[in-house]
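Q: fold the following.
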Amino acid sequence: MPEKKTIERAKKDKREGKAPSTQAGEFVREEIEHVREGKHGARNTKQAIAIGLSKARRAGVELEPPEKGAASERTRKQAKRDLTKGKKTAAKKKSSSRAPSPKRSRAAKTALKREPRGAASSRALSRQARAAAKGRRKRAASARRARSRAEA
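A: Model prediction:
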């Protein structure tokens with residue numbers, strides 16, 4: 001469950017007309033803080049980001065699931081489920097007829113606690129940001145090339 005202040009910050013972003021990815025950024029920030037505090041770990045920075053995005057979708061942020069090819073089919077399906085659950089939560093409906101399984105919740109928490117904490121270090125975050133930016137540059141360049149070929 002996300003912290004109240006995180007939900008408030010995301011709501012403020014929505015009121016200001018900011019993009020869903022910006023709203024979701026609040027949840028990612030919270031998740032990185034949790035890893036840093038030692039509440040749990042993450043195998044890598046991407047996993048910590050994914051947990052934050054999942055929480056954002058479940059909290060009602062209208063963040064679209066990844067495109068086909070951008071993530072695995074399993075990840076995309078889970079993102080769709082999270083989004084549906086978030087829409088139900090936003091509409092104040094009960095999201096499921098069953099209560100969450102305590103045994104399963106505990107198992108998930110224990111598994112995360114076993115993960116390392118280095119995923120939230122400044123070095124790891126910097127590496128992740130640089131890799132993401134490099135990917136964006138690469139995609140933009142190939143799109144430019146395709147556009148110029150189409151014009152010629």
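
Q: number of nearby residues for the closest residue in space to L63 that isn't next to it in sequence?
A: Excluding the flanking residues, the one nearest L63 by C-beta to C-beta, 6 or more residues apart in numbering is P20, at 4.4 Å. In this view, the C-beta of every residue, glycine as well, is placed from N, C-alpha and C. Neighbours of P20 under the rule other C-beta atoms under 10 Å: 16.

Q: what's near enough to touch P20?
A: Applying C-beta atoms under 8 Å, 6 or more residues apart in numbering, we find P20 in contact with V61, E62, L63, E64.

Q: now it: how far from S126?
A: P20 sits 25 Å away from S126, taking C-beta to C-beta, to the nearest Å as the criterion.

Q: then R139?
A: In terms of C-beta to C-beta, R139 sits 21 Å off from S126.

Q: again, but for G38
A: According to C-beta to C-beta, G38 and S126 sit 21 Å apart.

Q: do the same with A48
A: In terms of C-beta to C-beta, A48 sits 14 Å off from S126.

Q: how far away is the residue nearest to L63 from K14?
A: Distance from P20 to K14, by C-beta to C-beta: 8 Å.

Q: what touches both of those two?
A: Each of V61 lies in contact with both P20 and K14 under the rule C-beta under 8 Å, 6+ apart.

Q: so where is the protein shaky, pLDDT-wise?
A: Across the chain, the ranges flagged by pLDDT under 70 are 92-97.

Q: output the longest helix belonging to it.
A: helix 122-151 (DSSP state H).

Q: list the buried residues for that helix?
A: A124, Q128 (16 or more other C-beta atoms under 10 Å).

Q: for it, packing partners?
A: With contacts defined as 3 or more C-beta pairs under 8 Å, 6 or more residues apart in numbering; DSSP states H and E, helix 122-151 has these neighbours: helix 45-58.

Q: can you tell me the element the spatially closest residue to A59 that is not a sequence neighbour falls in?
A: Among residues not flanking A59 along the chain, P2 sits closest, at 5.5 Å (C-beta to C-beta, 6+ apart). For P2, there is no helix or strand it lies in under DSSP states H and E.
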